[in-house]
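> sequence unknown, structure follows:
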């Protein structure tokens, strides 16, 4: 069954500075939604607010028209890949995978190198490959929706292709919202793209919008 | 939830257990059992300090737990509760045996 995540009226201020002003977006399962914006435009804040780990002045989040109130993290409807390393340094890769109710084999069949890593701690692994692994864990986990905050950062081109293939393969059962400055890759896999500028979201209709909203100087 | 919380607690349990052991030592040296009422606020204060340290300097690890459906408040309060239970057991044993 198709599910839909909608959020609107997301407002955030840092002191007198308005970061997000009545932001609205939606994402359905089977869809990849890109989120582009200049540095400091509030993309990560928006993701954290909707995920449920950051407070906002106001927000309205709904899944299948049913509003999510209070602490909805415990409902485990949304996954979030943060910009930073997510797996705590004291856990082995195997333990981390199991906490997400995944089997190591599910990961190994896509990333064979993980077989040698299962008993290592995150700080013993290469940064780029760890990023790839964490992205895979979030995308393969049970949540019907997930936010990926800069999943391509630090990845070599072949690993970027692995992540893109994974996202396209898994979007059949998930709604994925992705933000990354490698915008051509985001554009390749997204069904629709929002641009976050001036604290608001705009649906991108053509590449000229990226120039109009200050994301690119020229196409 | 319990498994994830115990994993979180294990990461920093050395410091609060050391504080509890110090409390038990002080209690064993004291002549009055009522000294325990003076120790309790200090135990509570060190737990608050540890929680503050985790939020300030180890905040990145919380994303892992958020994805498992646990909030910062849930993790910290459950860990604190468990630690106070361990402290209470240790204090009772100290009173009985020393």
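Arrived safely. All of these numbers come straight from a predicted model, not from anything done at the bench.
> how about the residues of chain B near chain A?
Taking C-beta under 8 Å from any C-beta of the partner chain as the contact definition, chain B meets chain A at B:3-4, B:7, B:10-11, B:60-64, B:66-72, B:74. Yep, even glycine has a C-beta here, placed from its N, CA and C like the rest.
> Tell me the secondary structure of the spatially most central residue of chain A, please.
For chain A, residue A:148 is the residue whose C-alpha lies nearest the centre (C-alpha atoms, centre = their mean; 1.6 Å). Here residue A:148 is strand, with the state taken from DSSP: H, G, I helix; E, B strand; the rest coil.
> coming back round to it: go through the residues of chain B next to chain A and flag which are in helices.
Here DSSP state H is the test, and these give B:3-4, B:7, B:10-11, B:62-64, B:66-67, B:72, B:74 as lying in helices.
> Looking at the residues you listed, which is nearest residue A:141?
Using C-beta to C-beta, residue B:67 is the member of these that lies nearest residue A:141, at 7.2 Å.
> isn't that closest one right up against residue A:82?
No - applying C-beta atoms under 8 Å, one finds residue B:67 not in contact with residue A:82, separated by 9.2 Å.
> quick one: which of the two has more around it?
The residue with more neighbours, out of residue B:67 and residue A:82, is residue B:67; 26 against 23, by other C-beta atoms under 10 Å in any protein chain shown.
> Helices along chain A, start to end?
Going by DSSP H, chain A shows helices at A:43-51, A:93-99, A:104-108, A:127-140, A:157-170, A:183-189, A:208-212.
> Nearest approach to residue A:201 belongs to which of these?
The closest of the helices of chain A to residue A:201 is helix A:43-51. By C-beta to C-beta, the value is 8.2 Å.
> for the residue sitting furthest away from the middle of chain B, helix, strand, or coil?
Of all residues in chain B, residue B:31 has its C-alpha farthest from the mean position, at 25.2 Å, by C-alpha atoms, centre = their mean. What three-state DSSP gives for residue B:31 is coil.
> Look up how far residue B:43 lies from it.
According to C-beta to C-beta, to the nearest Å, residue B:31 and residue B:43 sit 20 Å apart.
> can you check residue B:18 too?
As judged by C-beta to C-beta, residue B:18 and residue B:43 stand 11 Å apart.
> what sits opposite residue A:13 in the beta ladder?
Taking DSSP bridges as the rule, residue A:13 bridges to residue A:18.
> what residue lies at the spatial centre of chain B?
By C-alpha atoms, centre = their mean, the most central residue of chain B is residue B:83, 3.4 Å off.
> okay but the residue nearest to the centre of chain A is in contact with residue A:177, surely?
Yes - at 7.1 Å, residue A:148 and residue A:177 qualify as touching, with contact defined as C-beta under 8 Å.
> what about residue A:199, how many neighbours?
Count around residue A:199 with other C-beta under 10 Å applied: 19.
> Run through who's touching stretch A:179-195.
By C-beta atoms under 8 Å, 6 or more residues apart in numbering or on different chains, the residues outside stretch A:179-195 that reach it are A:25, A:31-37, A:43-44, A:47, A:147-153, A:160, A:164, A:167-168, A:178, A:201-204, A:209-210, A:213, A:215.
> at 6 Å what do you get?
A:25, A:31-36, A:43, A:149-150, A:152, A:160, A:164, A:167-168, A:178, A:201-204, A:209, A:213 (C-beta atoms under 6 Å, 6 or more residues apart in numbering or on different chains).
> What mean pLDDT does that stretch get?
Averaging pLDDT along stretch A:179-195 gives 94.
> What is the end-to-end distance of that stretch?
Distance between the boundary residues of stretch A:179-195 (C-alpha to C-alpha, to the nearest Å) amounts to 10 Å.
> List the buried residues of that stretch.
Neighbour counts over stretch A:179-195 (16 or more other C-beta atoms under 10 Å in any protein chain shown) mark A:179-180, A:183, A:185-186, A:189-190, A:193-195 as buried.
> sorry, back to before: so how do I select the buried members of the residues of chain B next to chain A in ChimeraX?
To isolate the buried ones among the residues of chain B next to chain A in ChimeraX, judged by 16+ other C-beta under 10 Å, type:
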select /B:4,7,11,61,62,63,64,66,67,68,69,70,71,72,74
